[in-house]
Structure formats: C-alpha cells, structure tokens
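Participant: The following comprises the amino acid sequence and a computationally predicted model.
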Amino acid sequence: MQTIGSSLLGFVIVLGFLIFVHEAGHFLVAKLFRVRVLVFSFGFGKRLAGFRRGDTDYRVSLIPLGGYVRMAGDTPEENQPSNPDEFLSKPKWQRFLILFAGPFMNLLIAVAFVAGINMVGYQEYYSPNVLGWIDAGKPAEQAGLRIGDRITKVGSEEIREFEDLRMIISMNAGTPLRVVYERNGQRNETTLTPAKKERDNVTIGQAGFGPVIPPVIFEVAPNSAAARAGLQKGDRLVAVNDVPIRNNYLEFQKVLEDTKKPVALEIARGGQRMHTVLPAPPDPKSKESDLYPGMAPPYDKREHKLSLVPAVGESISENLRLLRLSMSAIRRLFRPEGSVKELSGPIAIAKASGETLSHGMMSLVAFMALVSLQLGIMNLLPIPVLDGGHIMILLIEGAARRDLSLRVKERIQQLGFAALATLMIVVIYNDVVTNVIRNFR
C-alpha cells in the first residue's frame, strides 16, 4: 500500500530534480552570455549551506522542491542599462535563448530518460490493435465497430497497438473521434464518441471495447485470492457463475468488476474440468485489494532493448506523440466537452510519484520523463509570468522593432499572474476534492 511518506519522497525526487534541471538550463546559458548571476539555489526558502564563487552564491535551501536562479537586472525596476552584464541589458536573442533554455532542458531530459530506458531494456506487454470484445449498446457498437476490426488511426494519431487506442479514448471523454479501421481487408471510417465515466475520482473516456485476450491464466501471484482458490498458470477459464466464457478473458474480468460476491469458476486443466470459488472482492482500501484476484491474462511479452541511435530515435518519436496528445488535451479544455475538472496538480503528482517509486527505478524514470515533458510544454505556453510569456513579449518587441512600454509590460504581467493564480486555485481545488475529500467518504 502507498503511504504519505512514499508519496512525499517521490514528489521531492520528481519535482525537485526536474525543476532544478529547468533552472540549471537558465543558469548555464546566462553564464554563457556573461550575465551576472547573483543566486543559484537548489531548493527554496532559508539558505542552509553553500559557497560563493565570483558574483554567484551557490546555495542549498530549506525546501527541496526544485530551485531558482536570480540574475542581476532581470526586472525593469532593478535594471541598470549602463551595466552590460545585467539580463535586460543583453540583446533580445540572448535573452530569448536564456529563457528558452529552461523548458529545453526539460524536453531534453524527457528524450534522454526515455532513450536511456530503451537502451537498458525492459519487457513490455503487447496487445494488437484488433478488437476482441465489444459491449452491447456502448459507443463502439453504436459506431458500427465489430469484433475483429483492426483500428489503424484515431483522429491524426496512428494506432500501433491496443494501448495507443486505450490512451486516446481515455483522454477524449465526450469528444467525437474519427476512427479508421480495417475489416476483411477493406478500409473503413466511422465516428466514435467515448462515454464519460468516473474512475478513481477522474473522468475518463470509455468506448466499450477490449483487445483480443484468450481466457487463459498467464500467471498467479503468491498469497493472492487466485492462489488460495487453487488456480494455476495455464488454466483455461470455461465458465464464470455458470455462464460460459466464449473466447475472451475480458468476459471474466467484466464479472469481477461488476460483482461484490464470491465468483464460481469452471476451469480446464490438462483435459479435466475443475470447479473453484474466488472469494468476494475485498474493500478497495485494504492491502489485499492490491493483489485481488492475483491472476493475469496471457499478454504477448516482448523484450525491448535498443542501441544508442535507434533508442534516441524512438524516444524522440514517442515524445512527439505524447506532445501531440498533450496539446490535444490543452485544446480540449477550450471545447464544450472539456472541463477544468480534468486538471490535476501537486497532490495527484505526489500520489503518482509515490506509486511509481514503489514499482522500482525504471517506473520512476519513465514517470519523470513524462512529467519533464509536461513541464517543458507548460513553461513554453504564452502565459505571462511563465517563460513562454516572456518569450512572447520578446517576439512581439522583435516584430515591432521597439520595446513595449513599462506600463504595458506591467499590465501584461498582472493579467498573466491573475490567470495563473486562478488556474492554480482550480487545480488545487480539484486535487483536494479528488484525492482528499472523496477518500474520506
């Protein structure tokens, strides 16, 4: 079970490292252009330790959530145009590169971490992009899809495996999606609108379909409900609660999701038929719920390991795909089917950080790559106060070939701060309601 301590530790590791790397990007490029850096701090708040070299105080501060860089003359009030080593005294192209360096470091970390995972190697579970299950009356059936259809494209995204399809559907609850599929060798198109469903206090999209999964037990966890019921690897599920299982493991899984009672199973093992009973599912908050029922279906397990160049190439491709999905999610907030309730913040990140930390270093590094990509994207948005907002002002001034007045810049910054503060209030409210209040109901 995940603890508050593991969540906090994961949160500090993830955001502490990624924000510090972001600030290090600003620092390194500022030094490259000989900007006088006054403070480069790991952490925020009270100075705990450090040393001074030249004009810079290198310090470790009390709160280990990232860090910050303070440059001389980085605000109009403090800038002395006669001092060439101050930030605002530098040419616009240098200031642009200093501002861009922070988000760029986050994007670089995302690519580097995923490439590193590709090179170290891992085993991945693979399901083909073929429909093996369709719920009656659900969006997939309403869109005319059938068992055996191969989904090749949703919107502008190519579908390589079923997990790609699952991700896009879950991110687009209530949004009409153009679906391209193959049936009997023929290319077809339809429109599918995922239904909205609350899961773990988050609204996700569901289409009512699943992959092709034979009803065979691939593995059984020790001390789980499945192990206590006598189930073994290789057992074939024949019937659940006296209802025959035709050809898909999801028929059994659906019964588990919809019941709170013991489940009667008929299995085939070595040419013999056997009967057993799985106990009723435990309370979702109990430790045993993490293992229930403790059995897994037969996914195609593949070894994934690449040399340097292919690893980097695949990492760039994967990050570009995630970038497109992220931009789609941002655009969705401005459409009728989108909602600010879909935004999450530090509490959700802390929970996810703690969970990935408990799953090992590879999971944590993969999660950090994802968060780093999101940080890079967010900081490049043209919102005043963020790096992207400052970059936007530089581009406007460059195009106009004159500086905006101090009064105009102040108004832009005030509007940006108000918008960002409003966004943070919404995010924190969603976090508290989703991750704190609902957990005590």
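Facilitator: Ah, there it is.
Participant: Return the list of helices and strands in contact with the helix or strand that Tyr58 is a member of.
Facilitator: Tyr58 belongs to strand 56-71 when assigned by DSSP states H and E. Under the contact definition 3 or more Cβ pairs under 8 Å, 6 or more residues apart in numbering; DSSP states H and E, strand 56-71 sits against helix 4-32, strand 37-53. The C-beta positions use only the backbone N, C-alpha and C, and glycine is treated the same way.
Participant: What residues sit buried inside it?
Facilitator: Within strand 56-71, the residues scored as buried using 16 or more other Cβ atoms under 10 Å are 56-59, 61, 64-69, 71.
Participant: got any ranges where the stretch 51-200 of the chain has weak pLDDT?
Facilitator: For the stretch 51-200 of the chain, the stretches with pLDDT under 70 are 199-200.
Participant: So which residues of it form helices?
Facilitator: Counting by DSSP state H, counting those that start in this stretch, the stretch 51-200 of the chain has helices at residues 92-120, 139-142, 162-170.
Participant: So which residue of the protein lies furthest out from the middle?
Facilitator: Residue farthest from the centre of the chain, counting by Cα atoms, centre = their mean, is Ser82 at 46.0 Å.
Participant: Please save the CA atoms from the strand holding Tyr58 in PDB.
Facilitator: Output of strand 56-71 as PDB, limited to C-alpha atoms (Å, rounded to 0.1, in the frame of the first residue of the first chain):
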ATOM      1  CA  THR A  56      27.200  33.900  -7.600                       C
ATOM      2  CA  ASP A  57      26.000  32.500  -4.300                       C
ATOM      3  CA  TYR A  58      25.700  28.700  -4.900                       C
ATOM      4  CA  ARG A  59      23.300  27.500  -2.100                       C
ATOM      5  CA  VAL A  60      21.200  24.700  -0.800                       C
ATOM      6  CA  SER A  61      17.900  26.000   0.700                       C
ATOM      7  CA  LEU A  62      15.400  24.600   3.100                       C
ATOM      8  CA  ILE A  63      12.500  23.400   0.800                       C
ATOM      9  CA  PRO A  64      14.000  20.800  -1.700                       C
ATOM     10  CA  LEU A  65      11.400  21.300  -4.400                       C
ATOM     11  CA  GLY A  66      13.500  22.400  -7.400                       C
ATOM     12  CA  GLY A  67      15.400  25.700  -7.200                       C
ATOM     13  CA  TYR A  68      15.800  29.100  -8.700                       C
ATOM     14  CA  VAL A  69      18.200  31.500 -10.500                       C
ATOM     15  CA  ARG A  70      18.400  35.200  -9.700                       C
ATOM     16  CA  MET A  71      20.100  37.300 -12.300                       C
END
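Participant: Help me confirm that Glu189 comes into contact with Leu177.
Facilitator: No - the pair Glu189 / Leu177 is not scored as a contact, 10.9 Å apart, by Cβ atoms under 8 Å.
Participant: Between the two, which is the more surrounded one?
Facilitator: Leu177 (19 against 9; other Cβ atoms under 10 Å).
Participant: Could you check how far the more buried one is from Glu86?
Facilitator: Here Leu177 is placed at a distance of 51 Å from Glu86 (Cβ to Cβ, to the nearest Å).
Participant: Now the residue most central in space within the chain: which helix or strand?
Facilitator: Centroid check for the chain by Cα atoms, centre = their mean gives Leu370 as the closest residue, at 5.4 Å. Assessed by DSSP H and E, Leu370 sits inside helix 361-380.
Participant: Check which helices and strands the helix or strand following that helix sits against.
Facilitator: Once the chain leaves helix 361-380, the next helix or strand it forms, by DSSP H and E, is helix 387-400. Packing partners of helix 387-400 (3+ Cβ pairs under 8 Å, 6+ apart): helix 92-120, helix 361-380, helix 406-432.
Participant: Need these in TSV (columns: distance to Gly210).
Facilitator: Converted to TSV, those look like this (distance: least, Cβ to Cβ, whole Å):
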stretch	distance to Gly210
helix 92-120	27
helix 361-380	24
helix 406-432	29
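Participant: do you know which of the ones you listed lies nearest Ile4?
Facilitator: Nearest to Ile4, of all the helices and strands packed on helix 387-400, is helix 406-432, at 14.5 Å by Cβ to Cβ.
Participant: quick one, what contacts Ala30?
Facilitator: 37, 69, 71, 87, 98 (Cβ atoms under 8 Å, 6 or more residues apart in numbering).
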